[in-house]
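Participant: need a structure here:
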Amino acid sequence: MKIPSKILRHLFLYTFIISSIFSCKSGSVNLFKPASPHEVYKRKLSTAGLDKTAMGISWINASAQSLRNALSITIPFRETGYFAAEKIPATAYRFTATQGQKLLISLSKTPADQFMIYADLWEDGGTAVPKLLQSADTLDNNIQFEVKTTGTYLLRLQPELLRSGQYTLEITSGPSLGFPVKSTKANIGSFFGDGRDANSRKHEGIDIFATFRTPVIAAAEGTVVRVNENNLGGRVVWLRPRDKDYTLYYAHLDEQIAIEGQQVSAGDTLGLMGNTGNAKTTAPHLHFGIYTSNGAIDPLPYVNPVINNPLKITGSLDYLNATARTLGRTILRQSPAVNSPELSTLKSGTIMKVNAASGMWFTVELPDGLTGFIQTRQASTVTKPLRKIKINTRQQQVYDRPDTLAAVKLILPQGRNIAVLGDYEDYQFIEDENRQTGWIKM
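Facilitator: Predicted structure coming up:
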């Protein structure tokens, strides 16, 4: 069986790169500076001299470019996509997260072996260079990260050179602490910032209601730093979680069980719910607060038991890594939501590459590299031509991309009938009788 020259070329390059990387027994690697798996791979490329090659430069540039052009998403988020080896791809996602949440990021791959994707989480503080926070281990493609600052975050995915495969990414958020009440029927009835005493002050916590003398429990491992009584909170307990810069406040207890200096584990009983202090006229509840050196902060993201799941992917995964075209006038959007900003208005029949699917959206890339989201119902295959045309003298050169400065793939005879699969600006995407495709001027 004859192996196509394109596959042979990729096999040769892959063998060369792998042998170049792993034949280097030493290199300019700083053993005292922690490095992410992505950075380690980049250093190996440099040590092997591959960072000076066109392919190595493209890989390095793609990693930086993806952060600058990150796709906007909201959490929770699930996406199935495809990385094609010949494209030297990288993708990044921009989203907001709230202080107190724990981000849960999982990544599965097909094939599971011999297909490495580097996953890195960054904080986008508005500076030129985002701050790297955490990376997935090479053996475990999961990240768990406690959000310490409400703001914008970036997640970058990039495979090794010359590796192709499908992946599924899932990003969810949950509480970083356990729920402080031992009851399945407990409910949160008042929130941080609500007005108190005719709006003369603001509520500095959340109120969790349950039956009288329900156990109130440690939301984390730590030390009980104070057990006392005051006018507002009544009988209270203060807990300092281990290795944290904040203190948990439990108020309105009917009975205090923990003692000062006690070391507790998550789930240990600290007291029993009541309505002491200024809660004598209310139903039994726990006032739960979190205090830092700068005062009270909203405790809800730290303990909110409600975890939303990502939407089910409804688009056909057969479109992944396939050339498609738009069905009718189509809006390319900045994020997968009907109210997100418009990036471009695409004419019917516009050619695009489908990179990923999430919910009822495809992530698509236009021939000029612009990437965004369209609804899955607005995409169609290119198995059938839109029309047939007769080649004139201006259309004989077939380019590998819609640009007259691009490489010429083939020359078509004048007068030949040719199938047009789609369009982009003033170019047509054609296919000849030998199933060869390319771009010609309109």
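Participant: now do the helices in the stretch 51-200 of the chain.
Facilitator: Remark: helices assigned in the stretch 51-200 of the chain by DSSP state H, counting those that start in this stretch are 54-68.
Participant: quick one: strands adjacent to the particular helix or strand that has residue 355 in it?
Facilitator: Secondary-structure assignment from DSSP states H and E places residue 355 in strand 351-358. Strands that pair with strand 351-358, judged by DSSP bridges, come out as strand 77-83 (antiparallel), strand 323-326 (antiparallel), strand 361-365 (antiparallel).
Participant: how distant is that strand from the center of its chain?
Facilitator: Relative to its chain's centre, strand 351-358 lies at 17 Å (CA atoms, centre = their mean, to the nearest Å).
Participant: if we can go back for a sec, in CSV, list the strands paired with strand 351-358 along with mean pLDDT.
Facilitator: Formatted as CSV, the entries for the strands paired with strand 351-358 read as follows, by pLDDT from 0 to 100:
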stretch, mean pLDDT
strand 77-83, 98
strand 323-326, 97
strand 361-365, 98
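Participant: and among those, the most buried is which?
Facilitator: Stretch with highest mean neighbour count among those: strand 361-365 (a mean of 24; mean count of other CB atoms under 10 Å). C-beta: built from backbone N, CA, C; applies to glycine.
Participant: alpha carbons of that one, as PDB, please.
Facilitator: Presented in PDB, the C-alpha positions along strand 361-365 are these (Å, rounded to 0.1, in the frame of the first residue of the first chain):
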ATOM      1  CA  TRP A 361     -22.600  26.300  19.300                       C
ATOM      2  CA  PHE A 362     -19.700  25.600  17.100                       C
ATOM      3  CA  THR A 363     -16.300  27.300  17.500                       C
ATOM      4  CA  VAL A 364     -15.300  28.100  13.900                       C
ATOM      5  CA  GLU A 365     -12.300  29.700  12.300                       C
END
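Participant: right, and the helix or strand after that strand?
Facilitator: Toward the C-terminal end, the helix or strand that comes next after strand 361-365 (DSSP H and E) is strand 371-375.
Participant: who are the packing partners of that next one?
Facilitator: Counting contacts by 3 or more CB pairs under 8 Å, 6 or more residues apart in numbering; DSSP states H and E, strand 371-375 is packed against strand 71-72, strand 330-333, strand 342-346, strand 351-358, strand 361-365.
Participant: surely residue 103 meets residue 171?
Facilitator: Yes. Taking contacts as CB atoms under 8 Å, residue 103 lies within contact range of residue 171: 6.8 Å.
Participant: identify the contacts common to the two.
Facilitator: By the contact definition CB atoms under 8 Å, 6 or more residues apart in numbering, residue 103 and residue 171 are jointly contacted by residue 75.
Participant: before we move on, back to that, save the strands paired with strand 351-358 as TSV, and put in distance to residue 232 too.
Facilitator: Compiled in TSV, the strands paired with strand 351-358 are given as follows (distance: least, CB to CB, whole Å):
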stretch	distance to residue 232
strand 77-83	41
strand 323-326	61
strand 361-365	49
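Participant: can you list the low-confidence ranges for this protein?
Facilitator: Counting by pLDDT under 70, the low-confidence segments of the chain come to 1-34, 197-198, 200.
Participant: in stretch 282-293, what counts as buried?
Facilitator: Applying a neighbour-count criterion of 16 or more other CB atoms under 10 Å, the buried positions in stretch 282-293 are 284, 285, 286, 287, 288, 289, 290, 291.
Participant: over to stretch 83-103?
Facilitator: Of the residues in stretch 83-103, those buried (16+ other CB under 10 Å) are 83, 85, 88-95, 97-103.
Participant: for it, what is the distance to the chain centroid?
Facilitator: Taking the mean of its C-alpha atoms, stretch 83-103 sits 4 Å from the chain's own mean (CA atoms, centre = their mean).
Participant: dump it to CSV, restricted to CA.
Facilitator: Output for stretch 83-103, consisting of C-alpha atoms alone and laid out as CSV, is shown next (Å, rounded to 0.1, in the frame of the first residue of the first chain):
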residue,chain,number,x,y,z
PHE,A,83,-6.5,19.6,17.4
ALA,A,84,-5.0,19.0,13.9
ALA,A,85,-1.3,18.4,13.8
GLU,A,86,-0.8,20.2,10.5
LYS,A,87,-2.2,23.5,12.0
ILE,A,88,0.1,23.8,15.0
PRO,A,89,-2.9,24.9,17.1
ALA,A,90,-3.4,26.5,20.5
THR,A,91,-6.6,27.8,22.1
ALA,A,92,-7.4,29.8,25.1
TYR,A,93,-10.6,30.8,27.0
ARG,A,94,-11.4,33.9,29.0
PHE,A,95,-13.9,33.8,31.9
THR,A,96,-14.7,35.4,35.2
ALA,A,97,-14.5,33.6,38.6
THR,A,98,-15.5,34.8,42.1
GLN,A,99,-13.4,34.8,45.3
GLY,A,100,-14.2,31.7,47.4
GLN,A,101,-15.1,29.5,44.4
LYS,A,102,-13.1,26.4,43.6
LEU,A,103,-12.5,25.9,39.8
